[in-house]
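Visitor: Return a 3D structure for these sequence lines:
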Amino acid sequence: MRPSKTALRAGVLILAVAAGMPALAAGEGAPARVVPAKAPQCFACHGANGIATMPDAPNLAGQNEGYLSKTLQEFRSGARQHEVMSLMAKGLSDQDISALAAYFSKIEISVKQ
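Guide: Model prediction:
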């Protein structure tokens, strides 16, 4: 069985950003946030700042931590299906899911008008 173009494209993007980032600045005067080890695989579609870089990917910045955790658990278990996310979540431990949910939920979104 051959992977779909979407899955291949996601894999290539993940490899491109998988070099990792130890910390990201949280804004002027704010301390840097430690980036969870598995976060770089999320950055390809959801952005390092939690703002989606792919048209069909949702923004994760500021989302409810419980919602993010539950959603990742559902993708991992197969209770929720998505061609790319189901593959990405399979390799996540409970600790990875907790760290990712906490990380993205704490990103503050500033709206400038």
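Visitor: Would you map the helices across the chain?
Guide: Using DSSP state H, the helices of the chain run over 5-17, 40-46, 65-77, 85-90, 94-105.
Visitor: right, and those helices - which one's nearest Pro58?
Guide: Closest to Pro58 of the helices of the chain, according to C-beta to C-beta: helix 40-46, at 7.4 Å. For every residue, glycine as well, the C-beta is placed using N, CA and C.
Visitor: got the buried residues for that closest one?
Guide: 40-46 (16 or more other C-beta atoms under 10 Å).
Visitor: Counting neighbours, what do you get for Gln73?
Guide: For Gln73, the count of nearby residues is 16 (other C-beta atoms under 10 Å).
Visitor: Surely it touches Asp96?
Guide: No - look at Gln73 against Asp96 with C-beta atoms under 8 Å: they stay out of range, at 10.8 Å.
Visitor: Let me see the contact set for Glu74.
Guide: Counting by C-beta atoms under 8 Å, 6 or more residues apart in numbering, Glu74 makes contact with Arg80.
Visitor: Nice, that's everything, thank you.
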